[in-house]
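Chemist: just need the structure, nothing else, for what follows:
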Amino acid sequence: PGLLVIGHDSMHTYRKTGAKPTQVASELDVRHVLEGSVRREEKRIRITARLIDGASGRVVWSERFDRGLEDVFAVQDEIVHEVVTALDVALVGGGNAFMVRKHLRNPRALGLLYRGSDLMERFNREDMREARELFEEVIRMEPESPIAYTNAAWTHYFEVQRGWSADPEASLRAMSDRVQRSIELGDVSGFGSLMLSHMHLIKREHDEAMAMSERALAERPSCQGAYCMRANVLNYSGSPEEAVANARQAIRLSPVAPPFYPEVLANAYYLSGRFEEAIEAVHTTLKLAPDSLDARLLLAASLVETGRTDAACQAVAEVLSLEPGLTLASFERSQPYRDADALAR
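Modeler: Next up, the predicted model:
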């Protein structure tokens, strides 16, 4: 028997006899613990594994592997793959993890994809560009897999939407190229329609964006990303209350929601006039992505609406410390709202 402790950047074995998983998690300040045991009987091996929530002691996932030992190394590789995939599903990617691992076979490419996804979700200019470089490297390694094309397209979208692109038209063309290539290769992620909806959104073609996002959700009714991106389109198209429901569903479906999800929810709350809830959702976002300018701008706006001017000024000061050249005019150009009054506010 043993405990494998999974930290943010590492995993290692914990050997204190008799320690409970919750005790291990508390002592080492980790969120989850993988507990397992191995038994060998003649030419068979039985392995049990349980993923345990470090705070509650709740079993998040468990499995038993019973295998013959004709090829011990093949059995070892199979079980490692099963356990890592299960952890990916339980803690990171949800059901999408199965699809990614099926269509991206190279372990190094898979590692680069996850590293790029982590960087993209930090929502600052430098990390977004580094994320795109990693996605492009994955494309070079596995050019017939559609997975990384869509991820690369998202980085171009966010560069335009956040006002980071020096040449928005070129960024949109690159975004379009990557989306089309993903679709040509089968678009197994199902995000092609979502990307097309956001291309329409940037061009202020709101009806087309709404229709395409609705189609994407119909194609992927259990996908957290489809709900979140639908919520984003709804925010910009003038339906924030509906966006609240979609964003909350995205978070419910996510094993660990990326920061963009509560940020979209915060915007939906703000546009709905639910300012205290917007502030709460912003704080959730900033815990995950401290450099998110949009979240801090939402915080400042919500604080103004609730009469906390001094706190709003502090939020603006933090925005300008992160992006000294940001102006209201440049922010306005990057925001494709259908409702001019919502944008003005």
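
Chemist: find the residue at the geometric middle of the chain.
Modeler: The chain has residue 258 as the residue nearest its centroid, 3.7 Å off, counting by CA atoms, centre = their mean.

Chemist: so what's the gap between the helix or strand containing residue 298 and the chain middle?
Modeler: For residue 298, the element it lies in under DSSP states H and E is helix 293-305. How far helix 293-305 lies from its chain's middle: 22 Å, per CA atoms, centre = their mean, to the nearest Å.

Chemist: which non-adjacent residue is nearest residue 139?
Modeler: residue 148 (4.8 Å; CB to CB, 6 or more residues apart in numbering). (Glycine included, C-beta is placed from N, CA and C.)

Chemist: shouldn't that neighbour be within a helix?
Modeler: Yes - looking at residue 148 with DSSP: H, G, I helix; E, B strand; the rest coil, it is inside a helix.

Chemist: tell me the contacts of it?
Modeler: 104, 109, 113, 116, 135, 136, 138, 139, 142 (CB atoms under 8 Å, 6 or more residues apart in numbering).

Chemist: show me which pair in those residues is furthest apart.
Modeler: Spatially, the most separated pair among these is 104 and 136, at 14.3 Å (CB to CB).

Chemist: higher neighbour count, the two?
Modeler: residue 104 (21 against 18; other CB atoms under 10 Å).

Chemist: the more buried one and residue 223, how far apart?
Modeler: Going from residue 104 to residue 223 by CB to CB, to the nearest Å gives 18 Å.

Chemist: how far does the strand or helix carrying residue 194 sit from its chain's centre?
Modeler: Element membership for residue 194, per DSSP H and E: helix 192-202. Per CA atoms, centre = their mean, the displacement of helix 192-202 from the mean C-alpha position of its chain is 17 Å.

Chemist: C-terminal to that helix, which secondary structure element comes first?
Modeler: helix 206-219.

Chemist: tell me how far that next one is from the chain's mean position?
Modeler: 20 Å.

Chemist: and that helix, what does it pack onto?
Modeler: helix 192-202, helix 224-237 (3 or more CB pairs under 8 Å, 6 or more residues apart in numbering; DSSP states H and E).

Chemist: residue 73 is nearest to which of these?
Modeler: Of these, nearest to residue 73 by CB to CB is helix 224-237, at 36.4 Å.

Chemist: ok, residues contacting the closest one?
Modeler: Counting by CB under 8 Å, 6+ apart, 94, 96, 190-191, 194, 197-198, 201, 206, 209-210, 213-214, 216-217, 219-220, 240, 242-244, 246-247, 249-251, 253-254, 257, 260-261, 264-265, 267-268, 271, 335-338 sit against helix 224-237.
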